[in-house]
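Asker: Sequence unavailable; structure follows:
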């Protein structure tokens with residue numbers, strides 16, 4: 001194994017350089033992961049153009065927080081604690097928690113301050129943490145990644161490929177948000193706004209839970225995604241630019257409205273939320289929203305309270321959601337591999353992020369970054 005590691009490093013907003021680092025020393029309580037796949041999501045797009053200005057994230061950052069790879073070196077205590085061996089393929093959650101605070105003790109380590117870069121200057125989180133911190137290799141856009149004792153890992157069965165395993169993060173978010181947070185279940189009616197990787201993952205989760213009717217909305221440019229949504233089980237799709245979404249939803253539900261609206265849009269303004277409030281059923285529907293809106297003037301509080309709507313936030317994922325995502329992939333019940341639409345070498349990180357951001361004419365749902373493809377042309381999966 002080489003003593004040097006090649007990685008793509010964010011050195012400034014919207015700027016990446018390929019750099020070599022020393023391979024970190026692995027002690028009894030740490031391990032080294034050979035990266036096979038590192039996925040890109042919408043958060044990467046946002047943090048690439050506008051990096052967070054906190055002490056934990058300053059300096060050179062190796063991005064990449066949806067990471068799958070093989071353990072190539074591990075200390076004895078690490079292996080015993082994790083129940084893993086060298087040669088095992090794992091999915092790595094991006095949280096690096098303390099496992100002693102009140103949140104960690106109830107299994108909600110995603111809320112632990114030790115991994116919250118927003119409030120903790122010494123926070124650790126894969127794909128966010130500066131390479132100045134001990135261990136150096138804190139992101140997946142690299143040949144290798146450092147794993148401390150408190151890394152959260154999920155063993156991947158042999159029936160799931162590395163690229164399929166790269167979908168664990170978006171799929172776990174879909175399970176967490178649609179099922180565990182919102183509570184979608186048997187015979188429910190659901191609107192999913194936005195057919196991106198998170199929206200399509202929530203579609204699969206809702207169908208698996210037994211939802212009676214799942215509607216997916218998007219825009220005209222989402223034509224190919226609509227086709228994939230139907231293949232994954234969507235009952236109806238709506239192009240909000242060419243159809244009246246409220247009218248169609250009420251027609252599809254015989255005027256009743258929906259039990260759940262799951263907002264997976266990004267930078268679409270207040271319109272999806274307003275539509276969601278409007279098309280929920282007469283009383284006690286649930287609206288799940290993400291945190292893209294910094295402000296919401298004239299929020300319809302009166303309508304929300306009159307309809308007794310419950311508003312919940314989509315935030316991260318749990319250990320259980322990741323385990324369920326791995327099981328879902330292993331079942332091969334749905335053609336989830338079709339979500340992985342593009343692959344690139346880590347020397348093409350800048351271009352790959354711009355593809356996912358919609359800055360090119362390519363339509364990517366999920367992008368797989370692969371160190372083995374360094375020096376090779378990347379693009380859509382054929």
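Answerer: Cool, got the structure. Because the structure is a prediction, the values reported are computed rather than measured.

Asker: okay, CA-based contacts and neighbour counts for the rest of this
Answerer: Fine.

Asker: quick one: low-confidence ranges for the stretch 1-150 of the chain?
Answerer: 1 (pLDDT under 70).

Asker: which residue ranges form the strands in it?
Answerer: In the stretch 1-150 of the chain, the segments counted as strands under DSSP state E, counting those that start in this stretch are 4-12, 15-22, 31-40, 66-74, 89-96, 144-147.

Asker: I'd like the ones you listed as TSV, with distance to residue 224 appended.
Answerer: Shown next, in TSV, are the strands of the stretch 1-150 of the chain (distance: least, C-alpha to C-alpha, whole Å):
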stretch	distance to residue 224
strand 4-12	31
strand 15-22	31
strand 31-40	20
strand 66-74	24
strand 89-96	29
strand 144-147	35
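
Asker: got JSON lines for those, with mean neighbour count too?
Answerer: Listed next are those as JSON lines, based on neighbours: other C-alpha atoms under 10 Å:
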{"stretch": "strand 4-12", "mean neighbour count": "21"}
{"stretch": "strand 15-22", "mean neighbour count": "16"}
{"stretch": "strand 31-40", "mean neighbour count": "27"}
{"stretch": "strand 66-74", "mean neighbour count": "25"}
{"stretch": "strand 89-96", "mean neighbour count": "24"}
{"stretch": "strand 144-147", "mean neighbour count": "26"}
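
Asker: what's the closest of those strands to residue 292?
Answerer: strand 31-40 (17.8 Å; C-alpha to C-alpha).

Asker: right, and residue 142 touches residue 67 too?
Answerer: No: counting by C-alpha atoms under 8 Å, residue 142 does not reach residue 67; the two are 10.2 Å apart.

Asker: so what's in contact with those two at the same time?
Answerer: Shared contacts of residue 142 and residue 67 (C-alpha atoms under 8 Å, 6 or more residues apart in numbering): residue 35.

Asker: just to revisit the earlier point, let me know which of the strands of the stretch 1-150 of the chain is the nearest to residue 241.
Answerer: Among the strands of the stretch 1-150 of the chain, strand 31-40 sits nearest to residue 241 (C-alpha to C-alpha), with 27.5 Å.

Asker: How about residues contacting that closest one?
Answerer: Residues outside strand 31-40 that contact it (C-alpha under 8 Å, 6+ apart) are 26, 64-75, 78, 140-149, 162-163, 166-167, 353, 356, 366-372.

Asker: please redo it, this time with the cut-off set to 6 Å
Answerer: 64, 66-74, 140, 143-147, 166, 367-370 (C-alpha atoms under 6 Å, 6 or more residues apart in numbering).

Asker: what do you get for stretch 307-326?
Answerer: 168, 171-173, 175-177, 282-290.

Asker: Report the mean confidence score over that stretch.
Answerer: Mean pLDDT, computed over stretch 307-326, is 96.

Asker: buried set for that stretch?
Answerer: Neighbour counts over stretch 307-326 (16 or more other C-alpha atoms under 10 Å) mark 307, 309, 314, 316-319, 321-326 as buried.

Asker: These in helices, which ones?
Answerer: With DSSP state H as the criterion, helices contain 319, 321-326 from among the buried residues of stretch 307-326.

Asker: tell me the domain ranges of this protein?
Answerer: Domains of the chain are assigned by automatic domain parsing as 4-159+332-380, 173-313.

Asker: Tell me how far stretch 216-227 lies from the chain's centre.
Answerer: Relative to the chain's own centre, stretch 216-227 is displaced by 20 Å; criterion: C-alpha atoms, centre = their mean, to the nearest Å.

Asker: Mind listing residues that contact that stretch?
Answerer: Applying C-alpha under 6 Å, 6+ apart, the contact partners of stretch 216-227 are 191-194, 237-241.

Asker: switch to 10 Å and redo it
Answerer: The list of residues contacting stretch 216-227 from outside it, by C-alpha atoms under 10 Å, 6 or more residues apart in numbering, reads 190-197, 199-200, 203, 228-232, 234-243, 245, 262-265, 272, 339, 363-365.

Asker: Show me which of those residues are buried.
Answerer: Buried among the contacts of stretch 216-227 by 16+ other C-alpha under 10 Å: 190-197, 199-200, 203, 228-230, 232, 234, 236-240, 245, 262-265, 272, 339, 363-365.

Asker: if I pick the closest residue in space to residue 113 that isn't next to it in sequence, what's in contact with it?
Answerer: Nearest residue to residue 113 in three dimensions, chain neighbours excluded: residue 120, at 6.4 Å (C-alpha to C-alpha, 6 or more residues apart in numbering). Residue 120 is in contact with 54-56, 113-114, counting by C-alpha under 10 Å, 6+ apart.

Asker: Which one (most neighbours) among the residues you listed?
Answerer: residue 56 (25 neighbours; other C-alpha atoms under 10 Å).

Asker: any idea how far residue 57 is from the nearest residue to that one once chain neighbours are set aside?
Answerer: Excluding its sequence neighbours, the residue lying closest to residue 56 (C-alpha to C-alpha, 6+ apart) is residue 121, at 4.8 Å. According to C-alpha to C-alpha, to the nearest Å, residue 121 stands 8 Å off from residue 57.

Asker: what does residue 272 give?
Answerer: Using C-alpha to C-alpha, residue 272 is found at 32 Å from residue 57.

Asker: do the same with residue 11
Answerer: According to C-alpha to C-alpha, residue 11 and residue 57 sit 11 Å apart.

Asker: Show me whatever sits in contact with both of the two.
Answerer: With C-alpha under 10 Å, 6+ apart as the test, residue 11 and residue 57 both reach residue 51.

Asker: if we can go back for a sec, among the contacts of residue 120, which one lies nearest to residue 345?
Answerer: residue 56 (26.7 Å).
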